[in-house]
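Peer 1: Return atomic coordinates for the entry below.
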Amino acid sequence: MGGLAAKRVLVVDDNIHSCMLAQKFTEYVGIASHNITVVMNWISAVEEATKNKYDIIIMDVGMPGMDGIAASKEIKSHYSENKPKIIAYTADLLPNTQVDIEAFDEIIYKPADKKRFSQTLFAVLNG
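Peer 2: Next up, the predicted model:
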């Protein structure tokens, strides 16, 4: 678990409560709080993800302006290798909805629970 503490995570959501929940669940799996950055819009997400290295980005899909799908593609376009893993964090998609595979590595559906959130983070970090 020691290696998890050093992982860098960017949480992107326009809802403060969703940001706080994602941050708490991320801390719960062992990632140090000082390695978690929270932003609340796609502009900040793209800026932050292109100037700093993150292992995982937890991205809300339904943000105003550029949605999480377009923001994720924009972020990934700045990397030729070692792209961050991007997890869709959304209430907008139903579990049987097709997800844009190019944009996301995994999905966490809202309302998220600690168990599902933890399992998804571990799977993405170890996959």
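
Peer 1: So which elements touch the helix or strand bottoming out on mean pLDDT in the chain?
Peer 2: Lowest on mean pLDDT, DSSP states H and E among the helices and strands of the chain sits helix 2-5, with a mean of 76. If contacts are counted by 3 or more CB pairs under 8 Å, 6 or more residues apart in numbering; DSSP states H and E, helix 2-5 sits against no helix or strand. No exception for glycine: its C-beta is placed from N, CA and C like everyone else's.

Peer 1: didn't residue 53 look like it was pressed against residue 8?
Peer 2: Yes. Counting by CB atoms under 8 Å, residue 8 is a contact partner of residue 53 at 6.4 Å.

Peer 1: With neighbour numbers in mind, choose between these two.
Peer 2: residue 8 (17 against 11; other CB atoms under 10 Å).

Peer 1: For that one, give its distance to residue 76.
Peer 2: The gap separating residue 8 from residue 76 is 16 Å, by CB to CB, to the nearest Å.

Peer 1: name the helices or strands packed onto the next helix or strand along the chain from the least confident helix or strand of the chain?
Peer 2: The helix or strand immediately downstream of helix 2-5 is strand 9-12, counting by DSSP states H and E. When contacts are defined as 3+ CB pairs under 8 Å, 6+ apart, strand 9-12 packs onto helix 16-28, strand 36-39, helix 42-51, strand 56-60.

Peer 1: Output the shortest one as PDB - backbone C-alpha positions only.
Peer 2: Presented in PDB, the C-alpha positions along strand 36-39 are these (Å, rounded to 0.1, in the frame of the first residue of the first chain):
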ATOM      1  CA  ILE A  36      -4.900  14.900  -4.700                       C
ATOM      2  CA  THR A  37      -5.800  18.100  -6.600                       C
ATOM      3  CA  VAL A  38      -9.400  19.200  -7.100                       C
ATOM      4  CA  VAL A  39     -10.700  21.400  -9.900                       C
END
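
Peer 1: can you list the residues that contact that strand?
Peer 2: 8-13, 19, 22-23, 26-27, 45, 48, 52, 54 (CB atoms under 8 Å, 6 or more residues apart in numbering).
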